[in-house]
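A.B. asks: Kindly generate the corresponding structure for this input.
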Amino acid sequence: MPLNFCHPTAPHKTLRLPEWYVSSLMMDRALDAVVRRVKKLDRAHDVPYLAGYSLDGKTIYIDRHMPRAFKLRGRSVETDRFLILHEEVEKTLIDQLGLHYLHAHQIATRAEEAAVRAAGIKWRDYDRFMQKHVKTIGDERLTKVPKDLDLKPYRDEHDDDLLRRMLASVKASKAPKGLHVRDLAEAIQELRRRVRRRHGARGAVALSRKKK
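C.D. replies: The predicted model follows:
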């Protein structure tokens, strides 16, 4: 192969381009590869924290109220691809490597940040936009939760109130009785057991009062 041939495996110096440019190009290609791997993208449901994934990992959920893009200095920045990268990386690390959600989330966030920067977008601009919608979506009533949404992130975040609202949403929509309803209920019971172990009887009473 000629030394001046542009190939991903060639040394950066043979491409006669700055190293940061090559890294950004490779990151963009990697991002495209991850997005193409997604079997199904669903934007028809309410998803806490903007995005999530199904139990089997075949569906990536993005909240139906999340804008597909935002304007930044005259440029339209599409956000779905960055959210997809985060969820795919996170789910893979949890399922394939057995990482704890909080660890997988940190790595996925770093990958998301790298992809955002590679696209020529400042992370603070991107993050400011995303955080604004996290707050908005997090405060609204959850009325259309995916029945097969993976609950591990919510269990590991110890978000008891959110889990109970998700369960109420599933029941209110008269969804068929199935594994997803049991999973939600079991997740809440698991949280209560953790409270008892950590705080004793007083903690369990406090959690019961919170439910009322």
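
A.B. asks: For this protein, which segments are assigned as helices?
C.D. replies: 19-37, 80-97, 101-118, 123-139, 152-156, 160-172, 179-199, 201-211 (DSSP state H).

A.B. asks: Of those, which shows the lowest average pLDDT?
C.D. replies: Lowest mean pLDDT within the helices of the chain: helix 201-211, at a mean of 38.

A.B. asks: Quick one: end-to-end distance for stretch 29-47.
C.D. replies: Counting by Cα to Cα, to the nearest Å, you get 28 Å between the two ends of stretch 29-47.

A.B. asks: meant to ask about stretch 88-105
C.D. replies: Counting by Cα to Cα, you get 11 Å between the two ends of stretch 88-105.

A.B. asks: Tell me which residues are up against that stretch.
C.D. replies: For stretch 88-105, the external contacting residues (Cβ atoms under 8 Å, 6 or more residues apart in numbering) are 34, 37-38, 53, 57, 60, 107-108, 111-112, 150, 152-153, 155-157. Heads up, the C-betas are built off the backbone N, CA and C, glycines and all.

A.B. asks: ok, and the most crowded of the residues you listed?
C.D. replies: residue 53 (27 neighbours; other Cβ atoms under 10 Å).

A.B. asks: what is that one paired to in the beta sheet?
C.D. replies: residue 60 (DSSP bridges).

A.B. asks: gap between it and residue 86?
C.D. replies: Distance of residue 53 to residue 86, given as Cβ to Cβ, to the nearest Å: 10 Å.

A.B. asks: cool, residue 94 as well?
C.D. replies: 13 Å.

A.B. asks: Please apply the same query to residue 36.
C.D. replies: 16 Å.

A.B. asks: Please say which of the two ends up with more neighbours.
C.D. replies: Neighbours of residue 36 and residue 86, each counted by other Cβ under 10 Å, are more numerous for residue 86; the result is 23 against 8.

A.B. asks: Residue 110 is in contact with the more buried one, correct?
C.D. replies: No - at 9.7 Å, residue 86 does not count as touching residue 110 under the criterion of Cβ atoms under 8 Å.

A.B. asks: tell me the domain ranges of this protein?
C.D. replies: As assigned by automatic domain parsing, the chain contains the domains 15-142, 158-212.

A.B. asks: How many residues are close by residue 81?
C.D. replies: 18.

A.B. asks: With the one 4 residues further on instead?
C.D. replies: A total of 23 residues lie near residue 85 under the criterion other Cβ under 10 Å.

A.B. asks: same question, residue 67
C.D. replies: When neighbours are defined as other Cβ under 10 Å, residue 67 has 12 of them.

A.B. asks: which residues does it contact?
C.D. replies: 79, 133.

A.B. asks: Numbering from 46 from now on, please.
C.D. replies: All right, first residue 46 from here; so that's residue 112.

A.B. asks: so what pLDDT did it get?
C.D. replies: 95.

A.B. asks: do the same with residue 48
C.D. replies: At residue 48, pLDDT is 37.

A.B. asks: Kind regards, and thank you for your time.
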